[in-house]
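Q: my questions concern the predicted model and sequence given below.
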Amino acid sequence: MHFNHRNPLILCVLCISLSMLSLPVSCAKKAMAPPEPIVDVQEEVIVIKTDDSDTASGMLIEEQIAAEQALAEAAAEMDRFVSEAIYFAFDSAALSPGAQMELSWKAAYMDRNPDIAIAIQGNCDDRGTVEYNLALGERRALAAKTYLVDMGVDGMRIRTVSFGEENPVDPAQNEVAWAKNRRDDFIIE
């Protein structure tokens, strides 16, 4: 067959045919996925960042929990220091073995917390005169201070005061109430 290159119809058919032959090759290239190494590298970076941030978050949470526990323990110790009074026998400023144990714990607390200063408040039951009970309350507060100083606490950190019978815990008039009122209280200043 002889083609006449002057015939525009034949030339047009020929161009269209050639265009159609190249079309599937070109579409096949566009359908190909991006090269694997690029996808893998991006996924690895994301995984590494996620793992690092999870680890960092986990460490921060653990540190926060530890700090909260330490604060709770410190608050509990301070609460015990203030809330645990020591008690005395009737008409006495002598420290019982139980009072000495509590004062030893208080001395250790003060050693761990060298910036605190305290007041020891001596108290009595309401039997006896006002003057006698003020003097007895002072002897009780001084007995506790002397014990703490003997345990190594700086005496300049301890102030004593006597309330005598003026600060009862239990105002009832019986042995149980009187025993509660014969005490030293400890206040952190």
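A: Looks like it came in fine.
Q: for Asn113, see how far away the most centrally placed residue in the chain is.
A: Nearest to the geometric centre of the chain sits Glu68, at 1.5 Å (C-alpha atoms, centre = their mean). Glu68 sits 19 Å away from Asn113, going by C-beta to C-beta, to the nearest Å. C-betas here are computed from N, CA, C, even on glycine.
Q: what do you get for Ile61?
A: 28 Å.
Q: so these two - more neighbours on which side?
A: Taking neighbours as other C-beta atoms under 10 Å, Ile61 and Asn113 compare with Asn113 leading, 14 against 10.
Q: before we move on, the earlier item: quick one, phi psi at the residue nearest to the centre of the chain?
A: For Glu68, the backbone dihedrals (degrees, to the nearest 10) come out as phi -60, psi -40.
Q: same thing with the one 5 residues further on?
A: The phi and psi torsions at Glu73 (degrees, to the nearest 10) take the values phi -60, psi -40.
Q: what does Val161 give?
A: Main-chain dihedrals, Val161, degrees, to the nearest 10: phi -150, psi 150.
Q: show me what the helix or strand containing Trp105 is packed up against.
A: Here Trp105 sits within helix 97-112, counting by DSSP states H and E. If contacts are counted by 3 or more C-beta pairs under 8 Å, 6 or more residues apart in numbering; DSSP states H and E, helix 97-112 sits against helix 36-83, strand 86-87, helix 130-150.
Q: quick one: residues contacting the closest residue to Glu189 other than its chain neighbours.
A: Sequence neighbours aside, Ala117 is the residue nearest to Glu189 in space, at 4.9 Å (criterion: C-beta to C-beta, 6 or more residues apart in numbering). Applying C-beta atoms under 8 Å, 6 or more residues apart in numbering, we find Ala117 in contact with Met156, Arg157, Ile158, Arg159, Ile188, Glu189.
Q: ok so, going back, now the following helix or strand past the helix holding Trp105: how far from the chain's centre is it?
A: Counting by DSSP H and E, the next helix or strand C-terminal to helix 97-112 is strand 118-123. Mean-position distance between strand 118-123 and its chain equals 30 Å (C-alpha atoms, centre = their mean, to the nearest Å).
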